[in-house]
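> fold the following.
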Amino acid sequence: MKIQVCTWKSCKLKFSEYIIKRISQDKEKFNLHNITLETCPCQWRCKEWPIVLVDWKAEIYSDPIKISKMIFDKINGRKHKQEDLGDKETN
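Presented below is the predicted three-dimensional model:
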């Protein structure tokens, strides 16, 4: 699984660095060797920040807990629903 976290200005303001820290901790704690974690350039979706790409699919309004849950659901073969992860409504 490839996870990319935007660390440009808008996403950084919404604590994307903490998302990276949480994923790194989960990866080490649970021996998740099949996860590649890296930063990515701006995705130009600044109104939906912070952006995390999981296998090239954008997860919007991300936070560390939401992304951890989504990773474990993917590993366990469960599909996650946006409302289960606490996504904010967009108008």
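
> hang on, residue 31 in a helix?
No. Secondary structure assignment places residue 31 outside any helix; it is coil (DSSP: H, G, I helix; E, B strand; the rest coil).

> that one - how many residues pack around it?
Residue 31 has 8 neighbours, counted by other CB atoms under 10 Å. For glycine as for every other residue, the C-beta is placed from the backbone atoms N, C-alpha and C.

> for the one 10 residues further on, same thing?
Neighbourhood size, residue 41 [other CB under 10 Å]: 9.

> can we start the residue count at 3 from this point?
With 3 as the first residue, the last one maps to residue 43.

> okay, the nearest residue to it once chain neighbours are set aside and residue 53: tell me how far apart.
Of all residues not flanking residue 43 in the chain, residue 10 sits nearest, at 6.8 Å (CB to CB, 6 or more residues apart in numbering). Using CB to CB, to the nearest Å, we find residue 10 at a distance of 9 Å from residue 53.

> likewise residue 15?
Residue 15 is 12 Å from residue 53, by CB to CB.

> do residue 33 as well
Distance from residue 33 to residue 53, by CB to CB: 27 Å.

> how about the strands in this protein?
Assigned by DSSP state E, the chain shows strands spanning 4-8, 38-42, 54-56, 59-61.

> now those in TSV, with distance to residue 22?
Output for these, formatted as TSV (distance: least, CB to CB, whole Å):
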stretch	distance to residue 22
strand 4-8	5
strand 38-42	7
strand 54-56	9
strand 59-61	14
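
> if we can go back for a sec, higher neighbour count, residue 15 and residue 53?
Set side by side, residue 15 and residue 53 show more neighbours around residue 53, with 25 against 11, by other CB under 10 Å.

> pretty sure the more buried one is touching residue 59, no?
No. Shown here, residue 53 and residue 59 do not form a contact pair, counting by CB atoms under 8 Å, at 10.8 Å.

> thank you, goodbye.
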